[in-house]
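[1] Test case, fold it:
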Amino acid sequence: MNKVTATPIRINPAPIATLRIAVESSQRGGVPSNGRLTAADGRVGSLAMVRHDPYVALARSAIAAYVSEGRRISPPPDLPPELVCLRGGAFVSIKKRGALRGCIGTYEPSKENLAEEVIANAIRAATQDPRFPPVRTEELPELEVAVDVLSPVEPCTAADLDPKRYGVIVESGWRRGLLLPDLPTVDTVEEQLRIARMKAGLPPDEPCQLWRFTVERHTE
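    So this is what the prediction gives:
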């Protein structure tokens, strides 16, 4: 697989994606880009981030500070070790009254640790998703936030896929399409590949490389 630059990716409201990805997964997976959890320099503290999942709490804090004050937060000292010691791609999705309000992420690590990845993508999801106006301060109490952490990708064949467990990347030359796992309207490998090919702009009969991955989802 050609090296892929980790750039912000916006997420479509439909359960499809290219390097525009729909996040609707509940699968558990690993983290970072080389197939292993990787250490990064950073301070490790005890968990003291309210009652919420710490990934979601961090994303919420980043969104609130940026939307209400124009301020980018730094990772707080009491994060769990994996957020400050590991690297990985992550997506932040925002919903309002059950409808998508913004979603942007990276599928390979682009920051020094997961905490910085979540902070950056939370701000982008709230303010840079081109399908929506930036989130306003008065909307903050109505928002639902989720954070997805992606595993490394691995080459596979269609026989290795399971749309409820694995996401898929299809690649042919510079064209690439991605679909996350466990989407409510995608029940077969055939449908998963059809959508991923469509997002990549690939015809049904064009040969392509397949890659699979899992997703770890953090919700409130």
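[2] Grab the nearest non-local neighbour of the residue nearest the centre of the chain.
    What sits nearest the mean C-alpha location of the chain, by CA atoms, centre = their mean, is residue 91, with 2.3 Å. Excluding its sequence neighbours, the residue lying closest to residue 91 (CB to CB, 6 or more residues apart in numbering) is residue 105, at 2.8 Å. Just so you know, the C-beta spots here come from the backbone N, C-alpha and C atoms, and that holds for glycine as well.
[3] Check which helix or strand the one you found maps to.
    strand 99-106 (DSSP states H and E).
[4] Strand partners (parallel or antiparallel) of that strand?
    strand 9-10 (antiparallel), strand 90-96 (antiparallel) (DSSP bridges).
[5] To residue 184, which of those strands lies closest?
    strand 90-96 (14.0 Å; CB to CB).
[6] who touches that closest one?
    Contacts with strand 90-96, where a contact means CB atoms under 8 Å, 6 or more residues apart in numbering, come from 9, 11, 21, 23, 59, 63, 100-107, 114, 117-118, 121-122, 124-126, 135, 139, 142-150.
[7] and it, how far from the chain's centre?
    Centroid displacement of strand 90-96 relative to its chain, using CA atoms, centre = their mean, to the nearest Å, is 8 Å.
[8] what's the answer for stretch 137-149, then?
    On CA atoms, centre = their mean, the centre of stretch 137-149 falls 15 Å from the chain's centre.
[9] Show me the shaky parts of the chain.
    By pLDDT under 70, the weakly predicted segments of the chain are 1-51.
[10] any idea which residue of it is furthest from its center?
    Relative to the chain centroid, the chain (CA atoms, centre = their mean) has residue 205 farthest, 29.0 Å.
[11] Could you check how far that one is from residue 197?
    10 Å (CB to CB, to the nearest Å).
[12] closest one to residue 131 among the strands paired with strand 99-106?
    Nearest of those (CB to CB): strand 9-10, 7.2 Å.
[13] list the helices and strands the helix or strand following the closest one packs on?
    The C-terminal neighbour of strand 9-10 among helices and strands, as given by DSSP H and E, is helix 54-69. Applying 3 or more CB pairs under 8 Å, 6 or more residues apart in numbering; DSSP states H and E, one finds that helix 54-69 contacts helix 81-85, helix 114-127, strand 143-150, strand 215-219.
[14] cutoff 6 Å now
    Packing partners of helix 54-69 (3 or more CB pairs under 6 Å, 6 or more residues apart in numbering; DSSP states H and E): helix 114-127, strand 143-150.
[15] possible to save those as a markdown table with mean neighbour count and distance to residue 52?
    As requested, these are exported to a markdown table (neighbours: other CB atoms under 10 Å; distance: least, CB to CB, whole Å):
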| stretch | mean neighbour count | distance to residue 52 |
| --- | --- | --- |
| helix 114-127 | 26 | 13 |
| strand 143-150 | 24 | 9 |
